[in-house]
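Chemist: the sequence and its predicted three-dimensional model are supplied below.
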Amino acid sequence: MSELEKGITLNGASEAGKTWNILGQVYLPKAIGASTFAFETNSLPGQFVPVHIHPTQDEFILVQEGVLDLKLDGVWTKAGPGDLVKMPRGIPHGYFNKSDKPARALFWVSPAAKLVELFEQLDGLADPAEVVRISAEHEVDFLPPEANE
């Protein structure tokens, strides 16, 4: 993976015009480099990413609009506009839009590791079991469904 390029990714735009649709959620890459990967998510009510672990990456979420319910290391919490969520590597975490309004957030991981490759492979897949299998090959380990309760 290349070094991070200087410049601005405009509001509503993505790096190189790329978007990914992963199980119905839209992801827009904002910055891609070996040291970091930033992407925007747009989560409709009811959408979520189940509890999982990044064993080799620290992850952050800056909520821009709406409210996200988060399960962080087994504890439920909420984050709203302007809140920064910090998830050190190895900490189980998942995010859920349990509200009746869309949520938009900027996520980033450091280092980028295999996450860009993972999003490329997951784009358009409709089978959650296949998403979990491919994710494990890219250093994202989903926990059993009961972790989301």
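Modeler: Yep, it's here.
Chemist: drop to CA atoms for contacts and neighbour counts, all remaining ones
Modeler: Noted.
Chemist: so residue 113 makes contact with residue 55?
Modeler: No - applying Cα atoms under 8 Å, one finds residue 113 not in contact with residue 55, separated by 10.4 Å.
Chemist: which neighbours do those two have in common?
Modeler: Counting by Cα atoms under 8 Å, 6 or more residues apart in numbering, residue 113 and residue 55 have no contacts in common.
Chemist: where's the most centrally placed residue in the chain, which helix or strand?
Modeler: When Cα atoms, centre = their mean is applied to the chain, the residue found nearest the centroid is residue 107 (5.8 Å). Element membership for residue 107, per DSSP states H and E: strand 103-110.
Chemist: which helices and strands sit right next to the helix or strand just after that strand?
Modeler: Scanning forward in sequence from strand 103-110 by DSSP H and E, the next helix or strand is helix 115-122. Identification of packing neighbours for helix 115-122 by 3 or more Cα pairs under 8 Å, 6 or more residues apart in numbering; DSSP states H and E yields strand 20-22, helix 128-136.
Chemist: quick revisit: residue 113 and residue 55: which is more packed in?
Modeler: Shown here are residue 113 and residue 55; by other Cα atoms under 10 Å, residue 113 has more neighbours (20 against 14).
Chemist: do I have it right that residue 32 meets residue 4?
Modeler: Yes - between residue 32 and residue 4 there is a contact under Cα under 8 Å: 6.0 Å.
Chemist: higher neighbour count, these two?
Modeler: Higher neighbour count among residue 32 and residue 4: residue 32, with 19 against 13, using other Cα under 10 Å.
Chemist: partners of the more buried one in the sheet?
Modeler: Under DSSP bridges, the beta-bridge partners of residue 32 are residue 37.
Chemist: what sits against it?
Modeler: 4, 5, 15, 38, 112, 116 are the contacts of residue 32 under Cα under 8 Å, 6+ apart.
Chemist: rebuild those residues as CSV, extending it with pLDDT and distance to residue 26.
Modeler: CSV is the format used below for these (pLDDT from 0 to 100; distance: Cα to Cα, whole Å):
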residue, pLDDT, distance to residue 26
4, 90, 23
5, 89, 23
15, 91, 14
38, 97, 14
112, 94, 19
116, 95, 14
